[in-house]
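Chemist: Pasting a predicted model and its sequence here:
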Amino acid sequence: MKVIIIGGGFAGCQAAIQAKKMNADVHIIERSDMLLGVGNVGGIMRNNGRFTASEELSYLGANELINIMDNLALHKNIDFTGHKHANLTDIGKAEPEIRRYILSLGINIHFRSRAVNVLIKNNSILKIKLSDGSFIDGDVFIETTGSTGPMTNCNRYGNGCSMCILRCPTFGGRESLSSKAGIPDIMGERANGTPGAMSGSCEIPRESLSDELLEELTTNGVAVIPIPKEDINLDKLGQKVCQQYALKEFAENVILLDTGHIKLMTSYYPIEKLRKIPGLENARYIDPLSGGTSNSIRYLASSPRDNTMKIKGINNMFCAGEKSGFFVGHTEAMVTGALAGYNAVKYILGESLLELPRELSIGDIISFANETLEIENGKSIRHTFSGGDYFERMKQLNLYTTDIDEIKRRVDSLSLLGIFNKI
């Protein structure tokens, strides 16, 4: 059973782990020299409904990446504007930790391999074409290419290329392979109808802060600093992808979180060589370099899919992460990735595909994201357990809880306890 995963972000990594657990030959095609993609920024875990979703996914048996991220937390159970009981992860250490874990499982990672086209016959994909002209074949394919880039989209729909973590100028822009297979993409919108949305955060080097502010962040994990009244811009809130941050407090204050970033002053240095230097074994680069004027534009290429994560119109292609809907965050990517990896192998085996039940938040969000595409302004809604419309829905449906025993009972009552570990 050969499973080809296009994209090595959180969704692709979780899909790869799941397929490997089910004894597949797994290959990740990653256009850059690092895993995790846009997951190399952020670092906020278990906040609000993500706590519930993380525990649900863990009890289903897909807790590998959640455990790694929990172990890298610098601050636990932190409250800040609009967020409760958050973990703030040292995101700089996540990629090397996860890379080592992925490789230890025997998963094949093809770095600097940019997928550009598909060879398709009778609505089934036979091979993926890479930018060097070579092909890689497989039995089933999972597209987790995200929805950001290439540079032309950030120029067209944003304020220009921000030289973000995806590094399109270095490795080339992303390609939508489902689109290349003849399935039109679904484009997200902002409230005013403009395509896409702007990423929600930038990084600041720790050494650029004052000693007092750095001490506050190191001690508390969070700092809130009022913005001068003449510089407050409420209009910016509507441009952001992360609608859980669309609170006026985020326009009236600078809110800083300690996720462990450090700046390395060098024009360039291959990351493989950098990590050979003693003391820099976990080093990485951070972004965006143009964060003073712009950020990356996302949600421009979601695939139409059913609730098993199978792409509609293609027999043997699944999707996860942002490619599977307007989902925001690491946890959301892990959820869709685990289900896509599971069902990809089930498809090869000719067995029934799994739909996660709506009695669980992780099942409800997958179904609800599809349903909202059919309503007015549905393409402007971003789905995340951590806030916005979906977190309110979680609370209304009594899906949100921090009671671990209750979450286990729910999963067990649905006969899904450990389902992702059953071969």
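Modeler: Received, thanks.
Chemist: what about residue 331, is that helix, strand or coil?
Modeler: helix (DSSP: H, G, I helix; E, B strand; the rest coil).
Chemist: Now for it, how many residues are close by?
Modeler: Neighbourhood size, residue 331 [other Cβ atoms under 10 Å]: 29. Every C-beta, even on glycine, is put in place using the N, C-alpha and C of the backbone.
Chemist: same check, this time on the one 5 residues further on
Modeler: One way to gauge burial is a neighbour count; for residue 336, by other Cβ under 10 Å, it gives 31.
Chemist: for residue 206, same thing?
Modeler: Residues lying near residue 206 (other Cβ under 10 Å) number 15.
Chemist: got a pLDDT number for it?
Modeler: As predicted, residue 206 sits at a pLDDT of 81.
Chemist: Start the count at 42 instead of 1 going forward.
Modeler: Got it, first residue is 42 now, which makes that one residue 247.
Chemist: Backbone dihedrals for it, please?
Modeler: Per-residue torsions, residue 247: phi -60, psi -40 (degrees, to the nearest 10).
Chemist: and if you look at residue 357?
Modeler: According to degrees, to the nearest 10, residue 357 has phi -130, psi 40.
Chemist: got the contact list for it?
Modeler: Listed by Cβ atoms under 8 Å, 6 or more residues apart in numbering, the contact partners of residue 357 are 165-166, 180-182, 388.
Chemist: what about the helices in the stretch 92-241 of the chain?
Modeler: Using DSSP state H, counting those that start in this stretch, the helices found in the stretch 92-241 of the chain span residues 105-112, 135-145, 192-198, 209-212, 218-221.
Chemist: for the ones you listed, which one ends up most surrounded?
Modeler: Mean neighbour count (mean count of other Cβ atoms under 10 Å) peaks for helix 218-221 among those, with a mean of 22.
Chemist: For that helix, list the C-alpha coordinates in CSV.
Modeler: Extracted in CSV, the C-alpha atoms of helix 218-221 (Å, rounded to 0.1, in the frame of the first residue of the first chain):
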residue,chain,number,x,y,z
LEU,A,218,-3.0,19.4,-7.5
SER,A,219,-6.7,18.7,-7.2
SER,A,220,-7.2,21.7,-9.5
LYS,A,221,-4.7,20.3,-11.9
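Chemist: Show me where the chain dips below the pLDDT cut-off.
Modeler: Scanning the chain for pLDDT under 70 picks out 273-292, 303-312, 315-316, 318-322, 324-326.
Chemist: Which residue is most remote from the mean position of it?
Modeler: residue 271 (34.9 Å; Cα atoms, centre = their mean).
Chemist: and the gap between that residue and residue 355?
Modeler: Look at residue 271 and residue 355: by Cβ to Cβ, to the nearest Å, they are 53 Å apart.
Chemist: Strands of the stretch 42-191 of the chain, residue ranges please.
Modeler: 43-47, 66-70, 85-86, 114-121, 124-130, 149-151, 156-162, 165-171, 176-178, 181-184 (DSSP state E, counting those that start in this stretch).
Chemist: Please tabulate those in CSV, including the columns distance to residue 237 and mean neighbour count.
Modeler: Below are the strands of the stretch 42-191 of the chain laid out as CSV (distance: least, Cβ to Cβ, whole Å; neighbours: other Cβ atoms under 10 Å):
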stretch, distance to residue 237, mean neighbour count
strand 43-47, 21, 27
strand 66-70, 24, 23
strand 85-86, 22, 24
strand 114-121, 27, 17
strand 124-130, 24, 21
strand 149-151, 28, 18
strand 156-162, 21, 17
strand 165-171, 25, 19
strand 176-178, 30, 14
strand 181-184, 18, 32
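Chemist: Select, out of those, the one closest to residue 98.
Modeler: If you check each of the strands of the stretch 42-191 of the chain against residue 98 by Cβ to Cβ, strand 85-86 wins as the nearest, at 12.1 Å.
Chemist: Tell me which residues are up against that closest one.
Modeler: Contacts of strand 85-86 (Cβ under 8 Å, 6+ apart): 95, 107, 110-111, 114, 124, 127-130, 298, 300, 370-372, 427.
Chemist: cool, stretch 227-241 as well?
Modeler: 79, 82, 188-189, 194, 198-199, 205, 279-283, 286, 329, 335-345, 367, 414, 418, 420-421, 423.
Chemist: So which of the residues you listed sit within helices?
Modeler: 194, 198 (DSSP state H).
Chemist: Take the contacts of stretch 227-241 and keep only those in strands.
Modeler: 338-339 (DSSP state E).
Chemist: which of the contacts of stretch 227-241 count as buried?
Modeler: With burial judged by 16 or more other Cβ atoms under 10 Å, the buried subset of the contacts of stretch 227-241 is 79, 82, 188-189, 194, 198-199, 205, 280-283, 286, 329, 335-345, 367, 420-421, 423.
Chemist: Spatially nearest residue to residue 382, not counting backbone neighbours?
Modeler: residue 59 (3.1 Å; Cβ to Cβ, 6 or more residues apart in numbering).
Chemist: List the residues that contact residue 88.
Modeler: Contacts of residue 88 (Cβ under 8 Å, 6+ apart): 124-128, 427.
Chemist: what would these look like in CSV with distance to residue 439?
Modeler: Putting the contacts of residue 88 into CSV (distance: Cβ to Cβ, whole Å) gives the following:
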residue, distance to residue 439
124, 20
125, 17
126, 18
127, 22
128, 24
427, 18
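Chemist: Closest one of those residues to residue 118?
Modeler: Of the contacts of residue 88, the one sitting nearest to residue 118 (Cβ to Cβ) turns out to be residue 126, at 5.1 Å.
Chemist: show me what contacts the closest residue to that closest one other than its chain neighbours?
Modeler: In space, and not counting its chain neighbours, residue 126 is closest to residue 118: 5.1 Å by Cβ to Cβ, 6+ apart. Listed by Cβ under 8 Å, 6+ apart, the contact set of residue 118 reads 126-128.
Chemist: ok, those residues vs residue 160, which is closest?
Modeler: Each of these was scored against residue 160 by Cβ to Cβ, and residue 128 proved nearest at 43.0 Å.
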